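Participant: Here is my input; please provide its structure:
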Amino acid sequence: MKILQICGAQKAGGAEAHFLRFCIELNKHEDMDVVAIVRKDSWLEEQLNKEDIKVYALGFRSSFDLITSLKILKISLKEKSDIIQCWMNRAATLTPKRARGFKIGRLGGYYSLKNYKSMDWLVGATNDICNHITQNGWHSDKLSCIPNFVNLPSPEEQKASDNLKNELGLNDKTVLFTPARLHSVKGLDTAIKALKLLPDQFCYLIVGNGPEEDTLKKLANHLGVQDRVIFAGWQNDITPFCYISDIFLVPSRHEPFGSVLLEAWSHKKPLVTSDSQGALAITEDNKTSLMFNKDNHYSLAEKVSILQSNASLKSLIVENGYNELISKYVASSVLNTYTSLYKKSI
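Facilitator: Predicted coordinates:
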């Protein structure tokens, strides 16, 4: 079965990392032949060119890029695609109805359905996103709820972190860790404000890049915690950073699903998260996470303190989170659901 996976994103981020992970794992299935269509000179093009996956790089200059739309049509005919799966608005908007194959729009957020008019089927990453889809007029008979997944780290990967804590000057520190795009919706400013309320032994390790980096650094300086906040930049592999952390922190103001939550569970790290839509959808307070009120740095600091001082609660959250991951959010179960949908559709 020939599957076109289309994403028009330019930079690296959580959604793009999931698209990459999805293409790689799906292509391992014996009866699935993945062809990726991504944006020219993007992070995804760079990463996919390292894999055994055929890649087309197109312009994706805007939602009205007729050249890209025409090329998608031609590629679908040339490749004789059975399925076309579009990730996010631009890919879905630019995929013409005449393109060859059953067209699936995958929504990881609360997107406007006007961008998905050429799709035959939609997939929402959570029940709440699926509710948004049906409430905006899409028929439930042409809709599936299929979550994200993450890969489990291999035991060998822990060796890569052996010297990292020393290199970052974090020995004898309690490390809070967030991998995120440096954008206001990620709530990193809330976490930095919370750090000010915590003892000096706590440090905050942030992996990612984005437009708010200067603003966040100025905030840390203003609060006098600049020596306790480490900006490590974007990392293709966050596993070494997970291994040197003590608490995995997700302070997002808006997180429709949040594969980052799954990363905490997969690395067996205790999770403190805001009450974003994604966290409410897939985590349970005091069972698989400790949840604080988003935008409330006092609540965040309180939850971190409670978790750090209660070893049994920490162990319980780690165990429950890992079990939840294994039962619902690993590649095998998620991709089996997708492949069943593909086969049913042709």
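Participant: make it CA atoms for all contacts and neighbour counts henceforth
Facilitator: Noted.
Participant: Now do the buried residues in stretch 77-86.
Facilitator: For stretch 77-86, a neighbour-count test (16 or more other C-alpha atoms under 10 Å) marks 80-86 as buried.
Participant: Let me see the mean pLDDT of the host helix or strand of residue 16.
Facilitator: Per DSSP states H and E: residue 16 is located in helix 14-26. What helix 14-26 shows for mean pLDDT is 96.
Participant: One more: stretch 45-54?
Facilitator: Stretch 45-54 shows a mean pLDDT of 97.
Participant: Can you give me the end-to-end span of that stretch?
Facilitator: Terminal residues of stretch 45-54 are spaced 10 Å apart (C-alpha to C-alpha, to the nearest Å).
Participant: Could you pull out the buried residues of that stretch?
Facilitator: Buried-residue list, stretch 45-54, by 16+ other C-alpha under 10 Å: 45, 48.
Participant: With adjacent residues omitted, what lies nearest to residue 259?
Facilitator: Leaving aside its sequence neighbours, residue 259 sits nearest to residue 148 (C-alpha to C-alpha, 6 or more residues apart in numbering; 6.4 Å).
Participant: Residue 331 now?
Facilitator: Nearest non-adjacent residue to residue 331, counting by C-alpha to C-alpha, 6+ apart: residue 149, 5.6 Å away.
Participant: for residue 295, same thing?
Facilitator: Closest residue in space to residue 295, ignoring its immediate chain neighbours: residue 190 at 5.8 Å, by C-alpha to C-alpha, 6+ apart.
Participant: now the helix or strand that neighbour falls within, how far from the centre of its chain.
Facilitator: Secondary structure assignment for residue 190, by DSSP H and E: helix 188-197. Offset of helix 188-197 from its chain centre (C-alpha atoms, centre = their mean, to the nearest Å): 22 Å.
Participant: Output the below-cut-off pLDDT ranges for this protein.
Facilitator: Applying pLDDT under 70 to the chain flags the ranges 156-160.
Participant: mind running it again at 50?
Facilitator: Of all residues in the chain, none has pLDDT under 50.
Participant: Domains in it, by residue range?
Facilitator: With domains defined by automatic domain parsing, the chain comprises 2-149+330-345, 155-328.
Participant: Run a quick neighbour tally on the closest residue to residue 110 other than its chain neighbours.
Facilitator: Distances taken as C-alpha to C-alpha, 6+ apart put residue 129 closest to residue 110, at 6.0 Å, once the chain neighbours are dropped. Per other C-alpha atoms under 10 Å, the neighbour tally for residue 129 reads 23.
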